[in-house]
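Okay, here's the prediction I keep looking at, along with the sequence it came from:
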Amino acid sequence: MVMSEEALTRVRRYYELVDKRDVAGMVALFTPDAVYDRPGYDTFKGRAALDEFYRADRVIADGRHTLRATVCDGTTIAVQGDFEGVLKSGENVRLRFADFFEVAPDGLFSRRDTYFFAPMV
């Protein structure tokens, strides 16, 4: 099955909304029971938990994502990119990431998994 252009557009929109800190818009891209998992951190289940994370618990104060590659396979979209930003502590951070989005039949994301790599040099 080939991923629709609509789903790819939704992924790109997701990162735009995150960088603009539009939490309501970003959370609306996920199903109500969506799961967000990052190894080494708590797993978030549902829009309310995702909303809380981006409004209160997120350690990043500001930043920008740059997408390097996007691959689609069935209902999964894999994204590789760079992130550069400022933590709430004031520390600058640069890193590479890989995100995997699962797309539900309604076109919303049902799951997101994030992996961080060593800081960029």
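The structure has been received and is ready for your questions. Please read all numbers here as calculations on a predicted model, not as lab measurements.

Going by C-alpha atoms from here, please, whenever you check contacts or count neighbours.
OK.

tell me what the biggest strand by length in the chain is packed against?
Once the chain is assigned using DSSP state E, the strand that runs over the most residues is strand 60-73. Helices and strands in packing contact with strand 60-73 are listed as helix 5-19, strand 76-87; criterion 3 or more C-alpha pairs under 8 Å, 6 or more residues apart in numbering; DSSP states H and E.

ok, and for the first one, which residues are buried?
Pointing back at helix 5-19 there. When burial is assessed from 16 or more other C-alpha atoms under 10 Å, helix 5-19 yields the following buried residues: 7, 10, 11, 12, 14, 15, 16, 18, 19.

again with stretch 26-34
Of the residues in stretch 26-34, those buried under the neighbour-count criterion (16+ other C-alpha under 10 Å) are 26, 27, 29, 30, 31, 32, 34.

Report the beta-bridge partners for residue 72.
Here residue 72 shows beta-bridge partners residue 77, assigned using DSSP bridges.

follow-up on the earlier one: Throw the buried residues of stretch 26-34 into TSV and include secondary structure and pLDDT, thanks.
Putting those into TSV (DSSP: H, G, I helix; E, B strand; the rest coil; pLDDT from 0 to 100) gives the following:
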residue	secondary structure	pLDDT
26	helix	94
27	helix	95
29	coil	96
30	strand	96
31	strand	96
32	strand	96
34	strand	96
